[in-house]
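> I would like the atomic coordinates for the input below:
(one chain, ligands or ions: 1)
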Amino acid sequence: MAVDCSVDFTGIHFENPFMLSSAPPTESESNIMRAFDAGWGGVVTKTIGLHPVVNVYGAKAKFMRTSPETATVSMKKTPNAALHSSWNWELISDKPIDWWVPRIRRIKDAHPTKALIASIMAGSGNDKELGNWQTLAKACQEAGADGLELNFSCPHMDRKDMGSNIGKDQGLCSVVTEAVKEVAKVPVWCKLTPATADIVVEAAACFRGGADAIVSSNTFPSLPLIDPETLDFEINVDGFVSSGGLGGPAILPLALAKMAQLTKAFPDKSFSGIGGITDFSQALSYFLLGCGTVQVCTAAMLDHAIGPNVIKKLNQQYREFLEKHEASDGWHSLEDFRGLRRDRVVLQSDIRRPNPSDYAGGYDVVEGYAAPDSAQATA
Ligand SMILES: Cc1cc2nc3c(=O)[nH]c(=O)nc-3n(C[C@H](O)[C@H](O)[C@H](O)COP(=O)(O)O)c2cc1C
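Purely as a prediction, here's the structure:
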């Protein structure tokens, strides 16, 4: 039996489990066409909305680098520096839905075997805004989108009823998901913000509303550094900056921790992992935690805008990995190893000590104190 690199995720077939996430690489028809030609299994479009979008003056995204010589983290170009992260304060697509609809249709006509997920976003403060979610959902699915990703995670919105402010409110997560599910004929994924105390709470709310999958992580709230010479933020407009989003290698362990919380809490649900993926070794961590697809942004932005070399390497390394494990373990596809390390994330007190009876999670082991509950860690 030959190895099979394809996956079925929330009922959608993907030639491979690697997608471009909603971001500049998927902001135009030409980018998405190029991405599919290059070998990506799917894309999530740049988020589409109905409200006015005007970006800040100047650069909307920059990259931070670090080097062993100086150990600085900076947006300034230094020789031999390695990528640390991306930083952005870019809003959602500034193109209206009428611009997107014919393009989604043309892309799907040209690439019927590739998966196109439309990322959408509206407010949530009143019935008109809930209606806007439905308008966007209907327009995108009628144009041929295979699925919808609800943006509950954009970190740059001042509006209290939009973006990550929805993802921080379990009530809004449920209500908006339910409103979209009312009209959706295609699977609905919810992309959550990592900026909450317990992402399991918001994920549970999305599942209550009918979500078919949870997507995590969007960028983490962050500020650029202050230049020690000029005493100005490395990216600013007239000296001012606002909180933006951190992506790339720096967020990989943080995003994995969020994903582990999610997949352990809902082992039978579907998850798409994002954050700091450049090659297969990093994607593998998400798969072993239980993800059925992964998405890439920063690495693709730095590779000819849509990541032709990134996807070539991902596909090649994935096939080699499967072939190696077909020989040694009899694995043929992602389903044979997905989630294999999910249950290895446990409570501190469940980790072996030199003498196991020495530690009780910080509790004195005396009558009257709660014993550590290892069941909690695996619930
Ligand atoms: C410049 C830029 C714009 C982005 N725009 C969106 C967006 O419109 N919608 C969205 O859901 N996520 C957006 N993101 C977040 C990415 O899709 C992704 O979740 C994040 O960058 C983490 O992945 P990475 O570590 O591979 O970059 C954007 C990220 C960047 C860097």
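> may I have stretch 322-329 as PDB, with CA atoms only?
This file holds the C-alpha atoms of stretch 322-329, laid out as PDB (Å, rounded to 0.1, in the frame of the first residue of the first chain):
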ATOM      1  CA  LEU A 322       5.500   8.800   5.800                       C
ATOM      2  CA  GLU A 323       7.600   6.500   3.700                       C
ATOM      3  CA  LYS A 324      10.100   6.000   6.500                       C
ATOM      4  CA  HIS A 325       7.300   5.200   9.000                       C
ATOM      5  CA  GLU A 326       5.500   3.000   6.500                       C
ATOM      6  CA  ALA A 327       8.500   0.800   6.600                       C
ATOM      7  CA  SER A 328       9.000   0.900  10.400                       C
ATOM      8  CA  ASP A 329       5.500   1.400  11.800                       C
END
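> the closest residue to His325 other than its chain neighbours: what secondary structure?
Closest residue to His325 apart from its sequence neighbours, by CB to CB, 6 or more residues apart in numbering: Trp331 at 4.3 Å. Bear in mind the C-beta positions are built from the backbone N, C-alpha and C, glycine included. Following DSSP: H, G, I helix; E, B strand; the rest coil, Trp331 is assigned to coil.
> for the helix or strand harbouring Ala257, what is the average pLDDT?
Using DSSP states H and E, Ala257 maps to helix 252-265. What helix 252-265 shows for mean pLDDT is 98.
> now for that helix, which elements pack on it?
helix 199-208, strand 213-216, strand 271-274, helix 280-289 (3 or more CB pairs under 8 Å, 6 or more residues apart in numbering; DSSP states H and E).
> for stretch 279-297, how far is the first residue from the last?
End-to-end distance for stretch 279-297, by CA to CA, to the nearest Å: 12 Å.
> list the buried residues of that stretch.
280, 282-297 (16 or more other CB atoms under 10 Å).
> for stretch 225-243, same thing?
Leu225, Phe233, Glu234, Ile235, Asn236, Val241.
> how about the contacts made by the closest residue to Ile92 other than its chain neighbours?
Nearest residue to Ile92, sequence neighbours excluded (CB to CB, 6+ apart): Thr47, at 3.8 Å. Thr47 sits next to Ser22, Ile92, Ser93, Ser119, Ile120, Met121, Asn151, Cys154 when contact means CB atoms under 8 Å, 6 or more residues apart in numbering.
> roughly how far does Thr47 sit from the ligand?
4 Å (CB to the nearest ligand atom, to the nearest Å).
> can you narrow the buried residues of stretch 279-297 down to the ones near the ligand?
When contact is defined as CB under 6 Å from any ligand atom, those meet the ligand at Val296, Cys297.
> quick check: residues of the protein near the ligand?
The chain has residues 21-24, 46-47, 60-61, 86, 88, 90, 92, 119, 151, 153-154, 191, 218-219, 247-248, 251, 274-277, 296-299 near the ligand, with proximity defined as CB under 6 Å from any ligand atom.
> which of those residues are buried?
Among the residues of the chain next to the ligand, the ones that count as buried by 16+ other CB under 10 Å are 21-24, 46-47, 61, 86, 88, 90, 92, 119, 151, 153-154, 191, 218-219, 247-248, 251, 274-277, 296-299.
> pLDDT weak spots in this structure?
For the chain, applying pLDDT under 70 flags the ranges 365-379.
> now with 90, please.
Residues of the chain meeting the criterion pLDDT under 90: 1-2, 68-71, 77-80, 349, 355-379.
> which element is Lys191 on?
Here Lys191, judged by DSSP H and E, is contained in strand 188-192.
> and what of Lys138?
Per DSSP H and E, Lys138 falls inside helix 127-143.
> flag every buried residue along that helix.
Glu129, Leu130, Asn132, Trp133, Gln134, Leu136, Ala137, Ala139, Cys140, Gln141, Ala143.
> so that helix versus strand 188-192, what angle?
Taking axes from the mean of the first three to the mean of the last three CA atoms, to 10 degrees, one finds helix 127-143 and strand 188-192 inclined to each other by 120 degrees.
> by contact count, what packs against helix 127-143?
Contact analysis of helix 127-143 by 3+ CB pairs under 8 Å, 6+ apart lists strand 48-49, helix 97-110, strand 115-121, strand 147-152, helix 170-183 as its packing neighbours.
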